[in-house]
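Colleague: Fold the following and give me the result.
(2 chains)
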Amino acid sequence: GQQVMQIPQYQHVQEGEDFTTYCNSSTTLSNIQWYKQRPGGHPVFLIQLVKSGEVKKQKRLTFQFGEAKKNSSLHITATQTTDVGTYFCNTGFQKLVFGTGTRLLVSP
Amino acid sequence: EAQVTQNPRYLITVTGKKLTVTCSQNMNHEYMSWYRQDPGLGLRQIYYSMNVEVTDKGDVPEGYKVSRKEKRNFPLILESPSPNQTSLYFCASSFDRRETQYFGPGTRLLVL
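Modeller: Model (predicted):
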């Protein structure tokens, strides 16, 4: 079945540093969604990308969909302690597939 | 308040004792699904339902059953739980498969 690889698995940054997580697929994706899960919480929707090369921003977060629609990235500028959590990408047609997630730890 | 509810939130049981985890949404969503979350493996879809009486297998359906008799409810049934089903389970719903998924708070299950 469809597989989505997400890297890195874990990243520890100092507050103020930037952070990027990548989602890669061997097949063309129809769309991609990003979710954030705080420690002890449930995944919460952040954004959806549909078009090739699409870039969307939410304050310090920048989301990008690759030109070939096989990869996506989430970039956080100047991380804050509130950014701590695990970030997941998600895609699929009827059966939905989540990436394995990137766990972000931010030290003050 | 629009929400997805799951019950119970925590459950400790023994091998072979049938259990049901309920999931209910009040947003009139058509698409509902169950996931299990395990360390290092992320979220894996167990079953999904496109609408009432329409269910299909996700990536890890073995050992689980579901039913969708009403639009709002999508219970997860473990007929004979085993220790490898110890996990954190999430129910989610959305208007359709490509829309925003709303997750329930999760059910932490321990099978001894």
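Colleague: A:Val55: neighbouring residues, count only.
Modeller: A count of nearby residues for A:Val55, using other CB atoms under 10 Å in any protein chain shown, gives 12. Glycine gets a C-beta too; all of them are placed from N, C-alpha and C.
Colleague: now do B:Asp59
Modeller: Counted with other CB under 10 Å, residues neighbouring B:Asp59 total 18.
Colleague: Spatially nearest residue to A:Ser30, not counting backbone neighbours?
Modeller: Of all residues not flanking A:Ser30 in the chain, A:Phe93 sits nearest, at 6.4 Å (CB to CB, 6 or more residues apart in numbering or on different chains).
Colleague: and residue 48, bridged to which residues?
Modeller: With no chain named, the answer covers chain A. Counting by DSSP bridges, A:Gln48 forms beta bridges with A:Gln33.
Colleague: not what I meant, chain B
Modeller: Beta-bridge partners, per DSSP bridges, of B:Tyr48: B:Ser33, B:Asp56.
Colleague: Settle this for me: it is touching B:Val60, isn't it.
Modeller: No: at 11.8 Å, B:Tyr48 does not count as touching B:Val60 under the criterion of CB atoms under 8 Å.
Colleague: Between these two, which has more neighbouring residues?
Modeller: Neighbours around B:Tyr48 and B:Val60, counted as other CB under 10 Å, are more numerous at B:Tyr48. The numbers are 25 against 18.
Colleague: List, one by one, the residues from chain B near chain A.
Modeller: Residues of chain B lying close to chain A by CB under 8 Å from any CB of the partner chain are B:33, B:35, B:40-45, B:48, B:50, B:56-59, B:90, B:92, B:97-98, B:100-106.
Colleague: Just give the number of residues close to residue 14.
Modeller: No chain was given, so I picked chain A. 9.
Colleague: wrong one, chain B
Modeller: B:Val14 has 11 neighbouring residues, counting by other CB under 10 Å.
Colleague: can you check B:Glu70 too?
Modeller: Neighbourhood size, B:Glu70 [other CB under 10 Å]: 10.
Colleague: Who are the contact partners of the closest residue to A:Arg38 other than its chain neighbours?
Modeller: Nearest in space to A:Arg38, with sequence neighbours left out and distances taken as CB to CB, 6+ apart, is A:Gly85 at 4.5 Å. Residues counted as contacts of A:Gly85 (CB atoms under 8 Å, 6 or more residues apart in numbering or on different chains) are A:36-39, A:41, A:103-104.
Colleague: now the helix or strand harbouring B:Ile77, how far from the chain's geometric center?
Modeller: Here B:Ile77, judged by DSSP states H and E, is contained in strand B:76-78. When distances are taken as CA atoms, centre = their mean, to the nearest Å, strand B:76-78 is centred 8 Å away from the chain's centroid.
Colleague: and the next helix or strand after it, what does it pack onto?
Modeller: Moving toward the C-terminus from strand B:76-78, the next helix or strand (DSSP H and E) is strand B:87-94. Counting by 3 or more CB pairs under 8 Å, 6 or more residues apart in numbering or on different chains; DSSP states H and E, the packing neighbours recorded for strand B:87-94 are strand B:4-7, strand B:19-25, strand B:31-38, strand B:102-103, strand B:107-111.
Colleague: rerun at 6 Å
Modeller: Packed against strand B:87-94 by the contact rule (3 or more CB pairs under 6 Å, 6 or more residues apart in numbering or on different chains; DSSP states H and E) you find strand B:4-7, strand B:31-38, strand B:102-103.
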